[in-house]
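Peer 1: next comes the sequence, and after it the predicted model I'd like to discuss.
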Amino acid sequence: MEMLMKLLAVALAAVMSFGVSAAKNKLFLEVQVSDLAPEQGAKWVRNPDEEVLFPIELARLKGRGCTVLSFDISKEGKAKNVEVVESIPQRELGVYGKKMVRKWDWLPVSATEQTAETKRLVRLDFCMGDESAEQIEQYCKQQAKLGCSL
């Protein structure tokens with residue numbers, strides 16, 4: 001019985017110390033959005049008040065990389081016909097990117113001009129690391145300058 005109690009105490013101490021060291025490790029996440037081939041006189045702009053969130057499922061997979069998406073913006077300002085053009089290194093990036101783009105609201109650039117359906121091409125870079133938020137943001141900006149194809 002005494003041996004069992006000692007074993008339990010050692011196991012409990014190990015679990016507690018793991019919990020403390022795991023809590024110290026922070027994970028910083030960044031999503032960089034780039035409008036590829038923006039139109040001159042574009043009719044729509046993404047709502048700047050909307051926060052671009054890193055999908056929790058993707059963080060669990062430790063997913064990082066980029067995806068390029070093509071879609072139409074309807075007359076109502078909603079993304080439709082969203083297609084993955086490129087996605088590396090994981091196909092999941094494209095799946096999460098499609099979910100994100102479909103949720104975004106698009107605002108007309110001009111209140112006086114007639115809104116029309118528009119084709120868009122957007123690149124999303126998903127970055128993560130444990131250094132700092134500033135370093136991950138800089139890393140993601142550099143990653144966005146690289147090609148997003150195999």
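Peer 2: Happy to help now that I have it. Numbering: from 1, shown residues only.
Peer 1: you'd agree residue 34 is up against residue 120?
Peer 2: No - with contact defined as Cβ atoms under 8 Å, residue 34 does not count as touching residue 120 (11.5 Å). C-beta coordinates here come from the backbone N, C-alpha and C atoms, glycine included.
Peer 1: quick one: what helix or strand has residue 137 in it?
Peer 2: helix 133-143 (DSSP states H and E).
Peer 1: now swap in residue 34 and tell me
Peer 2: strand 28-35.
Peer 1: ok so, going back, which of residue 34 and residue 120 has more residues huddled nearby?
Peer 2: residue 120 (21 against 16; other Cβ atoms under 10 Å).
Peer 1: how near is the more buried one to residue 131?
Peer 2: The gap separating residue 120 from residue 131 is 32 Å, by Cβ to Cβ, to the nearest Å.
Peer 1: what does residue 92 give?
Peer 2: 24 Å.
Peer 1: would you map the strands across this protein?
Peer 2: Counting by DSSP state E, the chain has strands at residues 28-35, 44-46, 65-73, 79-88, 106-108, 118-129.
Peer 1: which stretch among the ones you listed is buried most, on average?
Peer 2: strand 65-73 (a mean of 21; mean count of other Cβ atoms under 10 Å).
Peer 1: quick one: distance of that strand to the chain centre.
Peer 2: Chain-centre distance of strand 65-73: 12 Å, with Cα atoms, centre = their mean, to the nearest Å.
Peer 1: burial count for the closest residue to residue 31 other than its chain neighbours?
Peer 2: Closest residue to residue 31 apart from its sequence neighbours, by Cβ to Cβ, 6 or more residues apart in numbering: residue 52 at 4.7 Å. Residue 52: 12 surrounding residues under other Cβ under 10 Å.
Peer 1: thinking residue 52 is in contact with residue 33, fair?
Peer 2: Yes - using Cβ under 8 Å, residue 52 makes contact with residue 33 at a distance of 5.9 Å.
Peer 1: quick one: low-confidence ranges for the chain?
Peer 2: Residue ranges of the chain with pLDDT under 70: 1-24, 37-41, 150.
Peer 1: my read is that residue 54 contacts residue 129, right?
Peer 2: No - using Cβ under 8 Å as the test, residue 54 is too far from residue 129 to be in contact (11.9 Å).
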